[in-house]
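K.L.:
Fold the following, please.
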Amino acid sequence: MTDQSIPDIIYTKVDEAPELASASLLPIIQSFASAAGISVGTRDISLAGRIIAAFPENLTEEQRISDDLAALGELVKTPNANVIKLPNISASVPQLVAAIRELQAQGYALPDYPENPQTDAEKDARARYDAIKGSAVNPVLREGNSDRRAATAVKNFAQSNPHRMGKWVPESKTRVSSMSGGDFFSNEASATLTRAAKAKIVLKGADGSETVLKEGVSYPEGTVVDATYMSAKALSEFLEAEIESTKQDGTLFSLHMKATMMKVSDPIIFGHAVRVWLKPVFEEFGDEMAALGVDPNSGLGDLLARVKDKPEIMAVIEKVRAERPPMYMVDSDRGITNLHVPSDVIIDASMPALIRGGGKGWGPDGQEHDANCVIPDNSYAPVYDETIKFFKANGALNPATAGTVQNIGLMAQKAEEYGSHPTTFEMPQAGTVQMVLDDGTVLHEHKVEAGDIWRSASTRKAPIEDWVQLAIDRQAATGYRAIFWLDENRAHDAELIACVKPILEAKGVADKFEIMAPREATRASLETITKGENTIAITGNVLRDYLTDLFPILELATSAKMLSIVKLMNGGGLFETGAGGSAPKHVQQFLEENHLRWDSLGEFCALGESFRFLADAKGNEKARLLGDAVDVATQGYLDNDNSPQRKPGQPDNRDSHYWFARYWAEALSKQSEDTALAAHFAPIAKNLAEKEAQIIEELRADRGQKLDTGGYYHMDPAKTAKAMRPSATLNAIIG
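P.N.:
As a prediction, this is how the structure comes out:
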């Protein structure tokens, strides 16, 4: 990607509801930006796009596309980056397989996903596909740390129009359950390297064998390197005990994992839960199910599909189901349980939703019940446990009066990417895992059993220093209470504390910051916002992911409305637009009823910041006017309640884009700093206002009807544009 080919702003092409919304919103953005001489281009980081880019030799010239993710990965290391990143699919294996099959049906000669690769070609295909699954995009693009918060207009609106909260009572049986030992938290070791080093990871078997699991891992000086493991035996015993205790409590059994971000470790943990849940079935029919291709890691849904024609197996499954406690349901109407698909229940979305609902989850009877929230690893489970205890004692948060929790998150250069790197392994046999440096030093060592999950993660010095400085800057700008969520009794956090304290002291701001373990920080933050005051949570990568869903869902009802700024370490800007966890349900409704309830508010917030960043970086004052006008339009959009509604017949995403464009044009036409720009937008604003009735009628002409976008993962651009831009009048005005 040469400088000449780089647009001023890059708007990413993604998946599902955000991509549908882009078909309507992006032409508006491009038209308005072009009036200021600003180019807005796209780069494809969608799941389908990444699959297509990975196999150019299998495709025709017309089908091939460039590897846009790799190109963006290089761009974000330069000062020229100005990227608006929409939420993309972090694919589980079932999602990856479904996308491959859809593309094959569209004529793409892609290889199948090899579940058990044997030949060199199958191993090569598996390696390419494995590089795509899970949270493959974010580590590539996030060459900076995260500054995430509710935009002022969004927070003001939420307080003036508080969303409904479920009622918490002290008698609630809802609780969080985690392992008391044998998990990643209890087995963690951490060290800070005093020199640059290369390392290899080896498994020394009890039989005297030695297997190199990974070699050539490079770390610069000052890197914090962690290693830990989860005992498969302890995990299974824990799951068995929690299934039984859930039954005794009369609550729902629910497992909360992150099988997308932790794409290696968490699907394995998920598979253990499936296996334990159906333990008698595996004991009796394990070999037969294996022959049918059953992989517990793929979930109960895949298992049932493979054994549905085996009445003897199905009979035992039904018998076991009857003996188990009721399960937390993803979709009780369709019988989709918590254990059906590993990517269906993502902890950072599922736990806040349950907490917002008063600790209630949906059961198989279609009714709400208390739940046992099973989070096996104890690293961050205390955050949810303490939140539930706080609301049991104090009642639900009041969004009308609550303050806000902002977040400064450590994530640059793949910091703390637990369980997803190629340094996570399921142990093939018992033995000792060692991480050995290039001078022969054994940095970390763990005795393991067959089936244990061993993982390593690293966090570099430069991102840590940048993270602390970002926190200092944010606290100085706001004056808010600022807390580093670090546990001195956890190995990794102790190493970070040893980095953080000297920086704060050297900057003379140590008295402005507190350091607390996640449980204590959770309670302190909830106490602060309950009083209507504000706080900054300064956290590592995984907690950043969890908290920037938890607090926004409590404060605003959704995390999709957050302002997310990534100040790239080499001077560029990355502006993220919120979460996409509800996107699949939005697409389902869109295809069935031609109603898209996705809210593009996150895109509006990111857009304003992107324009202002461009103004600062390139001295383009027209860009600043566009960005400031975006803020005015966003405030008008909120004040006039133009957000998409839930039901067909009500305004949807396309209506909201009309109103946003109208308010944006009006704001630009009224500004006085650039008369030529004002003159350009004056007739646009006038036409949008005068033709309101006609535009709204055209936008809603075919609502309630089924739609065909030509695909789910790989939509047909013409069909999608037709569905998302149905107003010829609006299209003509925008131009």
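K.L.:
can I assume Ile483 is in contact with Met516?
P.N.:
Yes: between Ile483 and Met516 there is a contact at 5.6 Å, judged by Cβ atoms under 8 Å. All C-beta spots, glycine's among them, are computed from the backbone N, C-alpha and C.
K.L.:
joint contacts of the two?
P.N.:
Ala524 (Cβ atoms under 8 Å, 6 or more residues apart in numbering).
K.L.:
Show me which of the two is the more surrounded one.
P.N.:
Neighbour totals were compared for Ile483 and Met516, and Ile483 leads with 23 against 17 (other Cβ atoms under 10 Å).
K.L.:
helix/strand/coil for that one?
P.N.:
Of the three states, Ile483 takes strand under DSSP: H, G, I helix; E, B strand; the rest coil.
K.L.:
contacting residues for Ile536?
P.N.:
405-408, 471, 474-475, 478, 480-483.
K.L.:
for Glu283, same thing?
P.N.:
Contacts of Glu283 (Cβ under 8 Å, 6+ apart): none.
K.L.:
Over to it. Which of the three states is it?
P.N.:
Glu283 ends up helix, using three-state DSSP.
K.L.:
Poorly predicted segments of the stretch 351-500 of the chain, please.
P.N.:
419 (pLDDT under 70).
K.L.:
mind listing the strands for it?
P.N.:
Secondary structure of the stretch 351-500 of the chain (DSSP state E, counting those that start in this stretch): strands at 360-362, 368-374, 405-409, 424-426, 431-437, 442-448, 453-459, 481-485.
K.L.:
Just give the number of residues close to the residue nearest to Tyr229 when sequence neighbours are not counted.
P.N.:
Spatial nearest neighbour of Tyr229, chain neighbours left out: Trp454 (4.1 Å); criterion: Cβ to Cβ, 6 or more residues apart in numbering. The tally of other residues near Trp454 (other Cβ under 10 Å) stands at 24.
K.L.:
and Trp454, bridged to which residues?
P.N.:
For Trp454, the beta-bridge partners are Tyr229, Phe425 (DSSP bridges).
K.L.:
for it, what are its contacts?
P.N.:
227-229, 424-425, 427, 433, 446, 448.
K.L.:
which one of the residues you listed sits closest to Ser92?
P.N.:
Nearest to Ser92 out of the contacts of Trp454 is Thr424 (Cβ to Cβ; 15.6 Å).
K.L.:
The closest one touches Pro267, doesn't it?
P.N.:
No: using Cβ under 8 Å as the test, Thr424 is too far from Pro267 to be in contact (10.7 Å).
K.L.:
can you give me the helices for the stretch 451-600 of the chain?
P.N.:
461-478, 491-506, 518-530, 541-556, 583-593 (DSSP state H, counting those that start in this stretch).
K.L.:
Please identify the most buried of those helices.
P.N.:
Compared across the helices of the stretch 451-600 of the chain, helix 541-556 shows the largest average neighbour count, a mean of 25 (mean count of other Cβ atoms under 10 Å).
K.L.:
just to revisit the earlier point, turn the contacts of Trp454 into JSON lines, including neighbour count and distance to Gly37.
P.N.:
Output for those, formatted as JSON lines (neighbours: other Cβ atoms under 10 Å; distance: Cβ to Cβ, whole Å):
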{"residue": "Ala227", "neighbour count": "26", "distance to Gly37": "52"}
{"residue": "Thr228", "neighbour count": "25", "distance to Gly37": "52"}
{"residue": "Tyr229", "neighbour count": "26", "distance to Gly37": "56"}
{"residue": "Thr424", "neighbour count": "23", "distance to Gly37": "47"}
{"residue": "Phe425", "neighbour count": "22", "distance to Gly37": "52"}
{"residue": "Met427", "neighbour count": "21", "distance to Gly37": "58"}
{"residue": "Val433", "neighbour count": "22", "distance to Gly37": "57"}
{"residue": "His446", "neighbour count": "18", "distance to Gly37": "58"}
{"residue": "Val448", "neighbour count": "22", "distance to Gly37": "60"}
